[in-house]
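Asker: need a 3D model of the sequence below.
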Amino acid sequence: MSTGEVVAPTGRRGWRPRLSPVVRHELADRFRGNRGGLVVTGYVGVMGLVLVLLYLLVSSLAAQDIGFDQAGVGRFLFENFIALEFGFMLFVGAGYAAAQVAAERERQTLPLLQVTAMSPMQIVAGKWWAVVAWQALLLVMGMPLAGAASFFGGVGALEVLLGTVHMVLVAAAFSAVAIWISSVVRRTSVAIIVTYAALFVVLVGPLVLAIAEAIAREDVPTASMYLHPGTGLAAATLDAHGFPTASILSPFVEAMAWRGDGAADFDVLVDGAGEGWRVRVLAVQWTASLLVTWLALWRASRRVRPGREPRSRRSRRNGTTPGDPAPVPGTAIGVGVPGPAPGTVPPPPPSGGPS
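Answerer: I've put the predicted structure just below:
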């Protein structure tokens, strides 16, 4: 080959995933410095401490000979740990997602994203994918701890898989809602407060409706429990041979798998009481999660379009928008044509003109 010969690139550099610039920037910013490593280390430490406390608790219960065998110990650790991990994922993801668009607006960097070649949906989807990737990282870091329960038995691979899918779908749906809230308000602090208020409604609202349903029907509530994410997690992680072992998920299973002979027989549970309610709950909640994710991202993309900035109270009262320029003294508002200064007499028309 001669020295001056130019070799054309073949373009075969191996397969590499094409990340959105927004996702790449958010992940790089998340792990810039020691902040990301400290958060992950703290998360693993807290979850490990939770697992140790749960083990000490179940060991003391098993020592009292109240029916905990080795498989029951494994079920107790798995169900309580995965329920606490699910709550932690929702809590952390909500705060992270609530700051996505509102923080860009406060830093005045949102117009820089709007003038790029990316569409509003690509911007919003990139923010959402960054949040989901962060939640998935926390979930993966906690899976070895959750897998420790398998050493005691009573936990199958299918239960772990279904529980993981349920946590990811529900957490991703609520992260999309948090991003939509962040696109509606102007300040990050307001977005975080509204997002956590919405999370409180999601977790506590169905329980209040269940109490009202139980009072109205004078029976065990079932319809309201379809709305609670904990019911879906219980349906996904339920042992195929029976019910949960005195865990956080037990009330959800007992409400859905009760034999249907009235509230008086509520405690008379049938071993493996049918799989129909599990399929229905997972189908309803997973479908609702996908629909809520799409709808929230679509609404957020409409709010991220140029000219759709949220208006403050002062701007609504004055009839202006945040992007309007401030009026210059001595000019007509909204026209830009210089006018006479206050307290002066307008000059006479030039001579020689029409009278």
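Asker: what mean pLDDT does the host helix or strand of residue 293 get?
Answerer: Using DSSP states H and E, residue 293 sits in helix 276-303. In this model, helix 276-303 has a mean pLDDT of 91.
Asker: give me the buried positions along that helix.
Answerer: Buried residues in helix 276-303, defined by neighbour count with 16 or more other C-beta atoms under 10 Å: 277-278, 281-282, 285-286, 288-289, 292-293, 296-297, 299-301, 303. Placement of C-beta: from N, CA and C, glycine included.
Asker: just checking, what packs against it?
Answerer: Packing partners of helix 276-303 (3 or more C-beta pairs under 8 Å, 6 or more residues apart in numbering; DSSP states H and E): helix 120-147, helix 157-184, helix 229-237.
Asker: most tightly surrounded among the ones you listed?
Answerer: Ranked by mean neighbour count under mean count of other C-beta atoms under 10 Å, the helices and strands packed on helix 276-303 are led by helix 229-237, which reaches a mean of 26.
Asker: next structured bit after that one?
Answerer: helix 250-256.
Asker: what residues sit buried inside that following helix?
Answerer: Per 16+ other C-beta under 10 Å, helix 250-256 contains these buried residues: 251, 252, 253, 254, 255, 256.
Asker: pLDDT of that helix, averaged?
Answerer: On average, helix 250-256 scores 79.
Asker: now it - C-alpha only, PDB.
Answerer: As requested, the backbone C-alpha atoms of helix 250-256 are provided in PDB (Å, rounded to 0.1, in the frame of the first residue of the first chain):
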ATOM      1  CA  SER A 250     -50.200 -10.900  53.800                       C
ATOM      2  CA  PRO A 251     -53.200  -8.500  54.100                       C
ATOM      3  CA  PHE A 252     -53.300  -8.100  50.300                       C
ATOM      4  CA  VAL A 253     -53.400 -11.800  49.700                       C
ATOM      5  CA  GLU A 254     -55.900 -12.500  52.400                       C
ATOM      6  CA  ALA A 255     -58.200  -9.900  51.000                       C
ATOM      7  CA  MET A 256     -58.000 -11.300  47.500                       C
END
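Asker: before we move on, the earlier item: angle of the helix holding residue 293 against helix 157-184?
Answerer: 30 degrees (axes from the mean of the first three to the mean of the last three C-alpha atoms, to 10 degrees).
Asker: residue 205 falls within a helix, correct?
Answerer: Yes: assessed by DSSP: H, G, I helix; E, B strand; the rest coil, residue 205 belongs to a helix.
Asker: go ahead and confirm it touches residue 227.
Answerer: Yes: between residue 205 and residue 227 there is a contact under C-beta atoms under 8 Å: 7.4 Å.
Asker: so for the two, which residue has more residues nearby?
Answerer: residue 227 (17 against 14; other C-beta atoms under 10 Å).
Asker: next, work out how far apart the nearest residue to the more buried one once chain neighbours are set aside and residue 246 are.
Answerer: Of all residues not flanking residue 227 in the chain, residue 206 sits nearest, at 4.0 Å (C-beta to C-beta, 6 or more residues apart in numbering). Distance of residue 206 to residue 246, computed by C-beta to C-beta, to the nearest Å: 22 Å.
Asker: and if you look at residue 43?
Answerer: If you go by C-beta to C-beta, the gap between residue 43 and residue 246 works out to 26 Å.
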